[in-house]
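Asks: Turn this into a model:
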Amino acid sequence: MKRNDYWKISCLILVMLFAYGCRSSKKMVSEERSVMRLSGEEHLAAVIANTPDFTALSSRLKLTLPTKKGEFSVNGTLKIKRDERIQISLLIPVIRTEAARIEITPERILAIDRMNKRYVDVPVEDIKQLLGTDVDYPMLQSLFTNDIFLPGKYHLTKKDYASFVALPVDENAVLLSKKTRKRTYAFTASNETNRLTESVIASSSAAHRLRWQYNNFGPVGDTVFPMEMTIFLEGGGESSKTTLTLSRLSVDGMELKATSIPAKYEKIGLMDLMRMIENL
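Replies: Purely as a prediction, here's the structure:
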């Protein structure tokens with residue numbers, strides 16, 4: 001892999017996480033009109049009770065991304081300290097030295113290109129305003145940790161439960177949905193296990209939607225966690241798929257300190273990063 005490839009992958013990850021720009025799903029709306037509405041409160045409480053329970057998570061990561069020539073995979077690590085920070089590292093094969101890192105906190109986004117000794121460090125609010133998205137840290141954390149969410153909320157309360165609508169998908173699954181003025185948040189859960197199997201964010205004001213699927217659940221410590229996550233960005237007649245495959249997963253007993261930036265690294269502005277992304 002070339003020196004700039006790891007940086008390009010880091011940029012693609014940031015685009016995937018922040019610039020999804022959603023649209024409404026006509027199928028979702030028509031289902032709500034044709035199926036008898038049920039109370040979502042009991043369904044939602046059962047699914048939330050089965051949310052993976054941990055304060056810190058560490059895993060090896062295989063990241064498979066779409067390219068013009070097909071798919072491309074790179075190895076790395078995923079680390080999460082709940083409510084504090086998410087770190088994704090991309091590693092050079094064999095020697096497993098870090099080539100690039102993305103660190104997301106409630107306040108800031110840090111992307112480090114160790115191969116070329118440069119970095120981007122910007123407030124989350126600046127990225128949200130530039131890209132016109134409402135993605136925030138609680139939402140990203142929930143997507144990575146198999147949790148139901150609403151924007152700006154780290155934890156849902158019973159008052160939130162009652163506002164969800166439960167719709168039967170089939171005998172094996174239920175759709176839990178919540179509409180706001182701009183968005184629809186929909187979560188598919190297994191009736192057999194009461195575990196979240198897919199999260200969807202859709203809006204009537206933009207051209208795309210995000211689907212985040214969870215598969216291959218397995219025991220980790222005292223909890224159960226999806227070992228594979230598939231992310232679809234859909235809209236404009238196109239769809240892209242990114243897969244996160246986890247292994248050697250461990251929870252709790254881990255400190256995750258803030259990333260320090262070497263003094264000799266060059267700082268790149270947000271607009272410089274956006275120009276790089278446009279040229280990918």
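
Asks: use CA for all of it now, contacts and neighbours both
Replies: Will do.

Asks: Surely Trp212 is in a strand?
Replies: Yes: judged by DSSP: H, G, I helix; E, B strand; the rest coil, Trp212 forms part of a strand.

Asks: Skipping adjacent residues, who's closest to it in space?
Replies: With Cα to Cα, 6 or more residues apart in numbering as the criterion, Trp212 has its nearest non-adjacent residue at 4.6 Å, and that residue is Ile231.

Asks: again with Lys241
Replies: Distances taken as Cα to Cα, 6+ apart place Phe232 nearest to Lys241, at 4.7 Å, with adjacent residues excluded.

Asks: who's that neighbour bridged to?
Replies: Here Phe232 sits in beta bridges with Arg211, Lys241, as judged by DSSP bridges.

Asks: Roughly how far does it sit from Ile201?
Replies: 11 Å (Cα to Cα, to the nearest Å).

Asks: what do the two both touch?
Replies: Residues within reach of Phe232 and of Ile201 at once, by Cα atoms under 8 Å, 6 or more residues apart in numbering, are 210-211.

Asks: Which one's more surrounded, those two?
Replies: Each of Phe232 and Ile201 has its neighbours counted (other Cα atoms under 10 Å); Ile201 has more, 21 against 18.

Asks: quick one: secondary structure of that one?
Replies: Under three-state DSSP, Ile201 falls in the strand class.

Asks: Identify the residues contacting it.
Replies: 22, 183-186, 209-211.

Asks: For the spatially closest residue to it that is not a sequence neighbour, which residues count as its bridge partners?
Replies: Nearest in space to Ile201, with sequence neighbours left out and distances taken as Cα to Cα, 6+ apart, is Tyr185 at 4.9 Å. Beta-bridge partners recorded for Tyr185 (DSSP bridges): Lys178, Ile201.

Asks: give the contact list for Leu196.
Replies: Taking Cα under 8 Å, 6+ apart, we find Leu196 in contact with 47, 51, 146-148, 187-190, 214.

Asks: distance of the residue nearest to Trp212 from Gln129?
Replies: Look at Ile231 and Gln129: by Cα to Cα, they are 23 Å apart.

Asks: Neighbour count for these two, which is higher?
Replies: Between Ile231 and Gln129, counted using other Cα under 10 Å, the more crowded position is Ile231 (22 against 10).

Asks: residues in contact with that one?
Replies: Ile231 makes contact with 210-213, 241-243 under the criterion Cα under 8 Å, 6+ apart.

Asks: how about TSV for those, with distance to Val220 added?
Replies: Compiled in TSV, the contacts of Ile231 are given as follows (distance: Cα to Cα, whole Å):
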residue	distance to Val220
Leu210	27
Arg211	25
Trp212	21
Gln213	19
Lys241	26
Thr242	23
Thr243	20
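
Asks: And those residues, which two are furthest apart?
Replies: Farthest apart among those by Cα to Cα are Leu210 and Thr243. That separation is 13.4 Å.

Asks: who's more crowded, those two?
Replies: Taking neighbours as other Cα under 10 Å, Leu210 and Thr243 compare with Leu210 leading, 23 against 19.

Asks: Am I right that the more buried one is in contact with Gly235?
Replies: No: counting by Cα atoms under 8 Å, Leu210 stays clear of Gly235, with 9.1 Å between them.

Asks: okay, stretch 104-123 in PDB with CA atoms only?
Replies: Extracted C-alpha coordinates of stretch 104-123, given in PDB (Å, rounded to 0.1, in the frame of the first residue of the first chain):
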ATOM      1  CA  ILE A 104     -13.700  11.000  17.800                       C
ATOM      2  CA  THR A 105     -14.800  12.700  21.100                       C
ATOM      3  CA  PRO A 106     -18.000  14.500  21.900                       C
ATOM      4  CA  GLU A 107     -16.200  17.800  21.100                       C
ATOM      5  CA  ARG A 108     -13.600  17.100  18.400                       C
ATOM      6  CA  ILE A 109     -12.400  15.000  15.400                       C
ATOM      7  CA  LEU A 110      -8.700  14.200  15.100                       C
ATOM      8  CA  ALA A 111      -7.200  12.500  12.100                       C
ATOM      9  CA  ILE A 112      -3.500  11.700  12.100                       C
ATOM     10  CA  ASP A 113      -1.500  10.700   9.000                       C
ATOM     11  CA  ARG A 114       1.700   9.200  10.500                       C
ATOM     12  CA  MET A 115       3.100   8.300   7.200                       C
ATOM     13  CA  ASN A 116       3.300  11.900   6.000                       C
ATOM     14  CA  LYS A 117       3.500  13.500   9.500                       C
ATOM     15  CA  ARG A 118       0.300  15.700   9.300                       C
ATOM     16  CA  TYR A 119      -3.000  15.900  11.100                       C
ATOM     17  CA  VAL A 120      -6.500  17.500  11.200                       C
ATOM     18  CA  ASP A 121      -8.000  18.600  14.500                       C
ATOM     19  CA  VAL A 122     -11.400  20.300  14.300                       C
ATOM     20  CA  PRO A 123     -14.600  20.700  16.400                       C
END
